[in-house]
Structures are given as structure tokens and as C-alpha cells.
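Asker: need a structure here:
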Amino acid sequence: MHNPCAVIPVYNHETAVPAVVDALLASGLPCVLVDDASSPACAAVLEHLAEREQVFLVKLAVNQGKGGAVMAGLREAARLGFSHALQVDADGQHDLRDVEAFIDHSRTHPDALICGYPQYDASVPKGRLYARYLTHVWVWINSLSLQIPDSMCGFRVYPLPPTLALIDSVKLGKRMDFDPEILVRLAWRNQPMRWLPTQVHYPQDGLSHFRLFHDNALISGMHTRLFFGMLLRAPLILWRRWQA
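Answerer: Down below sits the predicted model:
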């Protein structure tokens, strides 16, 4: 059965997140909010949102970072009985007019991970845009394929069983390194992936938690680990693809 929800990691986006929740509920999608140890003001907004029907709240006592919050939300989504989860940022950067198209595509291809292929407007920070191109190259190397055209966009529908099987078996990055790492590791497992274009804008409340130097260093370290992991796994990865 295809029973999707949305998972929204939140860290001090109290201004933007109510509109995100409104749009998702209007699309018929229940919401799992993950409070990643936000400020009292943001926590109060999330508590108020959780009073609504089909809105669920997970509270993390210690800030985990975006990846840690997403993983907590995916586990909660599975516990609540959902089969698929649409990852959505809380800052309003994702074009939620695309929600129905992504969910419909997931319903048609329930075993596939449905990933957003971002179409940027002029609001994208140039430093982040240029860094993405280097990440793309490393992802192609580390996945031994060109099947991942973009690994940084967090607008994607996860089929929960294979995703949680991965999360529970390896240690994934918990911050901005999460989005690319989980795609590479799922690609190693021959996870089907499909791509849909989606508009991305940065962000409506002016608050971004991407730390240019620190997070780029984390991502660089992640690529290095994946590279050596790929070398060890290359025969198995290629054998699985040949079998498929």
C-alpha cells in the first residue's frame, strides 16, 4: 500500500514553516515535523502546528543537524505506519506546487526513490551553486555511474523500507553531508531512482543554516570516505548492476 507523508526537519524556521505545513496539508499529505532543538519561540510554533489533525511532532533534545533530524523523522514516519516520506525543507525553498507530481510519480513507481532535479532562480547563493558542481563530479566517481544528476536537493520521496534498512546498517553524516551520502550509498545497493525537475528558491525568511566553510569541509570528508568505501565495494557494486 502506498501511504505517504512529509518529513520536515526544523531548526529555528518559525516564520516559514507554517506556510510549508499549510501547503502540504492542502495537498493531502500528513506532516511529521522534527524539532531539531530549536529556540523556545520556534518550539512554541511547532507545538501549535502539532495540534492540527495529521501533523505529528518529534522533539530532539540536542541539535542533530539536518541529516540527523531527517533520519529521526523517517523513523517516526515508519512507526506511524507510512510507507513513503517526502523530505521537505522548512525554510520555504522548495516549490510545493510540485508535491502532487512527486507523490503521483512515487505511487506509479513505489520501489523508486523520487528525487528533485533543482531549477534555480537568481536567489541561489553563488558559493553554494559552484560547490555543487564539484560535488556532482565526486558523486559520479563514488557511485560508479552517472545516474545521480544532483545529490544536494533535499526534495525527494523515500520508500521507507530500503531507506531505513540503510540508515540502520551504516553511520551516515548527520548534517549537510547527509543528502549526497545517502544517495551514493543507496546507489551502491542498486536502489532504483527517478528524477523530476523542481524550482528552488533561497529562502523566504532569510535564514540558512549552511555554513560555507564548515559544511563544505564536512562534505569533502564525506566524499573522501565514500571514495575509499567505493574502492572496497567496487566488485560487488558492479556485480549487482550486471545482475540487474
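Asker: Strands along this protein, start to end?
Answerer: Listed in chain order, the strands of the chain (DSSP state E) span 4-10, 31-36, 55-60, 84-87, 113-120, 156-159, 193-200.
Asker: Who is the spatially closest residue to residue 200 that is not a sequence neighbour paired with across the strands?
Answerer: In space, residue 200 comes closest to residue 118 once its chain neighbours are excluded; the distance is 4.4 Å by Cβ to Cβ, 6 or more residues apart in numbering. Just so you know, the C-beta spots here come from the backbone N, C-alpha and C atoms, and that holds for glycine as well. Residue 118 has these beta-bridge partners by DSSP bridges: residue 198.
Asker: could you dump the strands of the chain to JSON lines with mean pLDDT?
Answerer: Rendered in JSON lines, the data for those read as follows (pLDDT from 0 to 100):
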{"stretch": "strand 4-10", "mean pLDDT": "98"}
{"stretch": "strand 31-36", "mean pLDDT": "98"}
{"stretch": "strand 55-60", "mean pLDDT": "98"}
{"stretch": "strand 84-87", "mean pLDDT": "98"}
{"stretch": "strand 113-120", "mean pLDDT": "89"}
{"stretch": "strand 156-159", "mean pLDDT": "98"}
{"stretch": "strand 193-200", "mean pLDDT": "92"}
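Asker: Serialize those to CSV and add fields for distance to residue 165.
Answerer: As requested, the strands of the chain are arranged in CSV below (distance: least, Cβ to Cβ, whole Å):
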stretch, distance to residue 165
strand 4-10, 17
strand 31-36, 19
strand 55-60, 20
strand 84-87, 14
strand 113-120, 13
strand 156-159, 10
strand 193-200, 16
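Asker: picking that back up, what about the residue nearest to residue 200, how many neighbours?
Answerer: Counted with other Cβ atoms under 10 Å, residues neighbouring residue 118 total 21.
Asker: Tell me how far it lies from residue 109.
Answerer: 20 Å (Cβ to Cβ, to the nearest Å).
Asker: Over to residue 221?
Answerer: Distance from residue 221 to residue 109, by Cβ to Cβ: 33 Å.
Asker: do the same with residue 173
Answerer: Taking Cβ to Cβ, one finds residue 173 at 27 Å from residue 109.
Asker: ok, the two, which is more surrounded?
Answerer: Counted by other Cβ under 10 Å, residue 173 and residue 109 do not tie: residue 173 has more neighbours, with 20 against 15.
Asker: Test my guess that the more buried one contacts residue 222.
Answerer: Yes: here residue 173 reaches residue 222: they are 5.3 Å apart, a contact under Cβ atoms under 8 Å.
Asker: Mutual contacts of the two, please.
Answerer: Counting by Cβ atoms under 8 Å, 6 or more residues apart in numbering, the residues touching both residue 173 and residue 222 are residue 181.
Asker: Identify the residues contacting residue 23.
Answerer: 96, 99 are the contacts of residue 23 under Cβ under 8 Å, 6+ apart.
Asker: Relative to residue 236, how far out is it?
Answerer: Counting by Cβ to Cβ - residue 23 and residue 236 are separated by 42 Å.
Asker: so where do the helices sit in this protein?
Answerer: 17-26, 40-49, 66-79, 99-108, 126-143, 160-167, 178-188, 212-243 (DSSP state H).
Asker: which residue is nearest the centroid of the chain?
Answerer: residue 154 (3.7 Å; Cα atoms, centre = their mean).
Asker: so who does that one touch?
Answerer: Applying Cβ under 8 Å, 6+ apart to residue 154 gives the contacts 66, 70, 87-89, 94, 116, 179.
Asker: Flag the least confident of those.
Answerer: Ranked by pLDDT, the contacts of residue 154 bottom out at residue 94 (88).
Asker: Which strand residues bridge that residue?
Answerer: residue 200.
Asker: would you list the contacts of residue 154 in CSV and tack on neighbour count and distance to residue 38?
Answerer: What follows is these, written out as CSV (neighbours: other Cβ atoms under 10 Å; distance: Cβ to Cβ, whole Å):
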residue, neighbour count, distance to residue 38
66, 26, 13
70, 28, 15
87, 24, 18
88, 27, 16
89, 24, 14
94, 26, 19
116, 24, 25
179, 23, 20
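Asker: Nice, that's everything, thank you.
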